[in-house]
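# Structural data only, the sequence is not supplied:
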């Protein structure tokens, strides 16, 4: 979950992990640790047509979630870090 100083400026103030509630510090609009941001616009042929879901997970919650997968996520090395 992302919190902004003012809705009209979209200045990111802090991020709260939707999994565990941990507050992730933000400096100059950038998270100070790893965060998975998910935004899914559901389409036709789903039970959620037209619904948009979004959430943030800290790295620990991401690890806990992916450990439950039958097939692990594909991991590759980034050539250039941005």
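Yep, that arrived. On a predicted model such as this, the values are computed, not experimentally measured, just so you know.
# Show me where this structure has its helices.
59-67 (DSSP state H).
# how close does the residue most central in space within it sit to residue 61?
Central residue of the chain (C-alpha atoms, centre = their mean): residue 37, 1.8 Å from the mean position. Per C-beta to C-beta, to the nearest Å, residue 37 is found 12 Å from residue 61. (C-beta placed from N, C-alpha, C; glycine too.)
# per-residue pLDDT, residue 7?
Per-residue confidence for residue 7 comes out at a pLDDT of 60.
# Does residue 53 touch residue 37 like I think?
No. Judged on C-beta atoms under 8 Å, residue 53 makes no contact with residue 37 at a distance of 11.9 Å.
# so what's residue 15 closest to, chain neighbours aside?
residue 24 (4.2 Å; C-beta to C-beta, 6 or more residues apart in numbering).
# so how many other residues sit close to the one you found?
18 (other C-beta atoms under 10 Å).
# wait, it sits on residue 14?
Yes. The criterion here is C-beta under 8 Å, and residue 24 meets it with residue 14 at 6.7 Å.
# Please enumerate the strands of the chain.
Assigned strands in the chain, in chain order: 2-4, 12-16, 23-27, 30-31, 35-41, 52-58 (criterion: DSSP state E).
# so which of the ones you listed comes closest to residue 76?
Among the strands of the chain, the nearest to residue 76 by C-beta to C-beta is strand 35-41 (16.1 Å).
# isn't residue 65 right up against residue 57?
Yes. Residue 65 lies in contact with residue 57 (C-beta under 8 Å); the separation is 6.8 Å.
# more crowded one of those two?
residue 57 (23 against 13).
# wait, what's in contact with the nearest residue to that one once chain neighbours are set aside?
Once flanking residues are discounted, residue 57 sits nearest to residue 36: 4.5 Å by C-beta to C-beta, 6+ apart. Contacts of residue 36 were listed using C-beta atoms under 8 Å, 6 or more residues apart in numbering, and they are 56-57, 59, 62.
# top of these by neighbour count?
residue 57 (23 neighbours).
# in terms of contact, does it touch residue 18 like I think?
Yes. When contacts are counted by C-beta under 8 Å, residue 57 is listed as touching residue 18 (6.4 Å).
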